[in-house]
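> Could you work out the structure for the sequence below:
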Amino acid sequence: MTDTFLTVEETTAFLDANPSVSWIDILLFDMNGMPRGKRVRRGDLVGAARSGLLLPASVYVLDPRGNSIAETGRLWETGDHDIPFRILTGTLKPVSVGKGTHGQAVMVPVDGCDMDPRGILKTQVDRLAAAGQKPIVAVELEFYVTRRTPDGKFALVTPPGLSADPEQPMTFGFEEMDTLGPFIDDVYRIAEAQGLPVDAVMQESGPGQFEINLKHSDAMTAALDGVLLKRAVKAAARAHDLEATFMAKPHHDWTGSGMHIHVSLVDPQGKNLFAGEPMTPMFRHAIGGLRTSMPDFMAVWAQSANAFRRYVPESYVPTMAQWGFNNRTVALRVPCGSGPATRIEHRVSGADANPFLVVAAILAGVRHGIVNGVDPGQHAEGDAEELDGPELPTAWVNALEKFKTSDIVRDAFGATFQDIYYRLKETERISFERIVTSLDYEWYAQVA
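Numbering: from 1, shown residues only. Down below sits the predicted model:
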């Protein structure tokens, strides 16, 4: 798969069609899945399309707070050199909210980069393509909508008109969607302008919690749609003096927010390779590979200290690598559907995870299972939490150690990315866990 870059003609056509756009954000996505880049003026866009942009390689190894992490070995040791980037064709779009003064585009490294999450996904797609297999993927994202505070700091405060009582969930209701109708309308307006295949929106069980589904597409497009949907949701929220967060567990008593990924493989003619009665060997082996590799990639499914707070009993968040048919208590669910609709739903990731890496890890697990003929074992029935099975490392330190030493991760992501991602996240973990919080004082200050 070869990337195609934005042309001057495409750029000029965009500017002519969007005369109100004054500023354009040109983005890449770092290891955390966070957008980074440059904001250019309207008059500089043609030059950026023609010649590209330069950014330091360290842009990929920033922590969530924007700090360059020296422990990755990619700062002083390398001289923090610049990398040439070009804008991807088809990604220059308006941000159709407010006064419509902003646009955005996505850039990629011209010669590739061993720290680029999108490049990691591209490798998995190319490996499957070499075997005549094309992954089809759909992303589902959950998030919370909160009030915007005057000081700009995050606060989990339910917007006016929404229930703040987690004991009275409004799951699959319409009241909260009616109350926040203008916000939801703007999400769809932005998505339509940017070509994001937004499907259904649902009210979830947490106060002010929603889920938006994206329609299926090829894996590269689906992952990009996932990160751009997050940005669209946040832009729509700001336009209504709200905030939206994809934090995996924003409140200990409220349900967490997940990212569910649906995946199947098709052949060059578009036939679903998982379809068949009974289950095809390829389908079984794909599930077996996902089940076997799931602990190895736990540091991808849950990429923050907060994300590990989501793995609690009776929350539809799996803590074991079980699989089953039409069963929401398992990690790997085979939904209802046959023929072209045959697929796997991966239910482990937090909503804050990086969609490029999440999809890449899933495809790596699928390929591992197919290449090695991994048997998935018996499917789970009923409550999977009551069954014995391979447990996932639900402590951050254990998940990172598993990621660091995994041969499966090394084969899929490469030794360089494996090492740098581990160092980046281990440094974040140590920094987070050394902070003394107010809860320390509340629980322990008077003990002795």
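> Contacts only, for the residue sitting nearest the centre point of the chain.
Nearest residue to the geometric centre of the chain (Cα atoms, centre = their mean): P355, 2.7 Å. Residues in contact with P355 (Cβ atoms under 8 Å, 6 or more residues apart in numbering) are 33, 139, 222-224, 226-227, 259. Any C-beta I mention is one placed from the backbone N, CA and C, and that applies to glycine too.
> Now the host helix or strand of I26: buried residues?
Using DSSP states H and E, the element containing I26 is strand 23-29. Within strand 23-29, the residues scored as buried using 16 or more other Cβ atoms under 10 Å are 24-29.
> Scan the contacts of P355 and report the most crowded one.
Among the contacts of P355, the one with the most neighbours (other Cβ atoms under 10 Å) is A223, at 28 neighbours.
> so can I have JSON lines of the buried residues of strand 23-29 showing pLDDT and distance to T329?
Shown next, in JSON lines, are the buried residues of strand 23-29 (pLDDT from 0 to 100; distance: Cβ to Cβ, whole Å):
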{"residue": "I24", "pLDDT": "98", "distance to T329": "45"}
{"residue": "D25", "pLDDT": "98", "distance to T329": "40"}
{"residue": "I26", "pLDDT": "98", "distance to T329": "43"}
{"residue": "L27", "pLDDT": "97", "distance to T329": "37"}
{"residue": "L28", "pLDDT": "97", "distance to T329": "37"}
{"residue": "F29", "pLDDT": "97", "distance to T329": "32"}
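> possible to save those as JSON lines with distance to M282?
JSON lines is the format used below for the buried residues of strand 23-29 (distance: Cβ to Cβ, whole Å):
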{"residue": "I24", "distance to M282": "43"}
{"residue": "D25", "distance to M282": "41"}
{"residue": "I26", "distance to M282": "40"}
{"residue": "L27", "distance to M282": "36"}
{"residue": "L28", "distance to M282": "34"}
{"residue": "F29", "distance to M282": "31"}
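> What is the nearest of those to D114?
For these, the minimum distance to D114 (Cβ to Cβ) is 14.4 Å, reached by L28.
> Now do the same contact list for the closest one.
Shown in contact with L28 (Cβ under 8 Å, 6+ apart): 35-37, 55, 59-60, 85, 106-109, 116, 118.
> for the contacts of P355, which one is nearest V201?
Lowest distance from V201 to the contacts of P355 (Cβ to Cβ) belongs to V139, with 13.8 Å.
> Look up phi and psi at P393.
In terms of degrees, to the nearest 10, the main-chain angles of P393 are phi -70, psi 100.
> Kindly list the longest strand within this protein.
Across the chain, the strand with the greatest residue count (assigned by DSSP state E) is strand 134-147.
> Tell me the most packed of the contacts of L28, by neighbour count.
Within the contacts of L28, Y60 tops the neighbour count with 26 neighbours, counted by other Cβ under 10 Å.
> Isn't it up against G119?
No - using Cβ atoms under 8 Å, Y60 is not in contact with G119, being 10.0 Å away.
> which residues touch the nearest residue in space to K215 that is not next to it in sequence?
Leaving aside its chain neighbours, K215 sits nearest to P197 (3.8 Å; criterion: Cβ to Cβ, 6 or more residues apart in numbering). With contact set as Cβ under 8 Å, 6+ apart, P197 has these partners: 191, 214-215, 217, 225.
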